[in-house]
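Visitor: one predicted model, sequence on top.
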Amino acid sequence: MIYGLLSLHLNIPRVIDIRKPAVILLIVLLSAGLNACRENPSGQYDLKVVRLDHGWGYEIRKNNKPFIVQDFIPAVPGKKVFADRKSARKTGLLVLGKLRNNQLPAVTVPELKELGVIAD
């Protein structure tokens, strides 16, 4: 007769709980990703006004690569170039501002009139 507790020592591998390290890793990766998006949400945009054969145009670059090349006045029928550097720059800055505010970079005739790029 045996009195007391009988314990069997089986050679069963212990299951490792990886949930905590996995959750911590996930939180770290999400934090890093959100930080990167906050610093540069849609790439680095910049404006370059360019001289053309018969006028002016502009180029919007994203991460130093051409993103929008505008050789003609947008929203105006036909292929009319900007008459001067100032008009091309004003329009380019409007488009650049829209891109930086996560808006469509479309330009309307009223906007061009407001900027003084085209006459009434």
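Guide: On my side now, so go ahead.
Visitor: give me the below-cutoff pLDDT ranges for the chain.
Guide: Residues of the chain that meet the criterion pLDDT under 70 lie in 1-18, 21-42.
Visitor: which stretches of it form helices?
Guide: Per DSSP state H, the chain carries helices over the ranges 19-39, 85-100, 109-115.
Visitor: since we're on Val95, how many residues are nearby?
Guide: Val95 is flanked by 23 other residues according to other Cβ atoms under 10 Å. Just so you know, the C-beta spots here come from the backbone N, C-alpha and C atoms, and that holds for glycine as well.
Visitor: swap that for Val49, sorry
Guide: When neighbours are counted by other Cβ under 10 Å, Val49 registers 18.
Visitor: separation between it and Glu114?
Guide: 19 Å (Cβ to Cβ, to the nearest Å).
Visitor: residues contacting the closest residue to Val117 other than its chain neighbours?
Guide: Nearest in space to Val117, with sequence neighbours left out and distances taken as Cβ to Cβ, 6 or more residues apart in numbering, is Ser87 at 4.5 Å. Taking Cβ atoms under 8 Å, 6 or more residues apart in numbering as the contact definition, Ser87 lies against Trp56, Ile73, Leu115, Gly116, Val117.
Visitor: are any of those residues buried, and if so which?
Guide: By neighbour count, with 16 or more other Cβ atoms under 10 Å, the contacts of Ser87 hold Trp56, Ile73, Leu115, Val117 as buried.
Visitor: distance to Asn63 for those residues - can I get that in CSV?
Guide: Below are these laid out as CSV (distance: Cβ to Cβ, whole Å):
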residue, distance to Asn63
Trp56, 24
Ile73, 26
Leu115, 27
Val117, 27
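Visitor: of those residues, closest to Lys98?
Guide: The closest of the buried ones among the contacts of Ser87 to Lys98 turns out to be Leu115 (Cβ to Cβ; 13.0 Å).
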